[in-house]
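**Q** this one's structure only:
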């Protein structure tokens, strides 16, 4: 299983896993439980890097941390914003964020599927870090499994109210 495959120090002593900051140190308790506050998308870049085997990435259980509407849209440009997702683990903090756009009323899409912001450094089964394009493919698999469009729609409804 992936749990057995997850590498603690990566293979043959090539790299040691870095110390990871527990989620409660990144998000004070009141922020983690207040859904109205938006976690800035760039915050996941400030989290310590987390080495994770790509084949196990779908087993990361991300939860919605926040969605922000940056533009409400008009005749010149569509609604757009950012959404942030992270795992609820108190041991290792992993997150991913991306920009989204409303392509037509009620239909949202990733603005750029290759422009994900994350602290994950995905590795192959030998512990080697994947090139960014290959990592983006795995990250997009994670995004595809998330109910992020409904969270964006919820944020759009709040912005319109």
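**A** That came through, no problem. As the structure is a prediction and not an experimental result, all values here were calculated from the model. Numbers count the residues shown, from 1 in each chain.
**Q** ok, and residue 40, which helix or strand is that part of?
**A** Using DSSP states H and E, residue 40 is not contained in any helix or strand.
**Q** Could you find the closest non-adjacent residue to the residue positioned nearest the centre of the chain?
**A** The chain has residue 96 as the residue nearest its centroid, 1.4 Å off, counting by Cα atoms, centre = their mean. Excluding the flanking residues, the one nearest residue 96 by Cβ to Cβ, 6 or more residues apart in numbering is residue 118, at 4.4 Å. The C-beta positions use only the backbone N, C-alpha and C, and glycine is treated the same way.
**Q** what does residue 138 give?
**A** Take residue 138 and drop its neighbours on the chain: the residue closest to it by Cβ to Cβ, 6+ apart is residue 54, 4.5 Å away.
**Q** same thing with residue 102?
**A** Looking at residue 102 with Cβ to Cβ, 6+ apart, the closest residue is residue 79, at 4.0 Å.
**Q** cool, residue 117 as well?
**A** Closest to residue 117 by Cβ to Cβ, 6+ apart is residue 97, at 4.5 Å.
**Q** now that neighbour: how far from residue 160?
**A** Distance, residue 97 to residue 160, using Cβ to Cβ, to the nearest Å: 23 Å.
**Q** Those two: which has the busier surroundings?
**A** With neighbours defined as other Cβ atoms under 10 Å, residue 97 and residue 160 compare such that residue 97 has more, 25 against 10.
**Q** That one pairs with what?
**A** residue 84, residue 117 (DSSP bridges).
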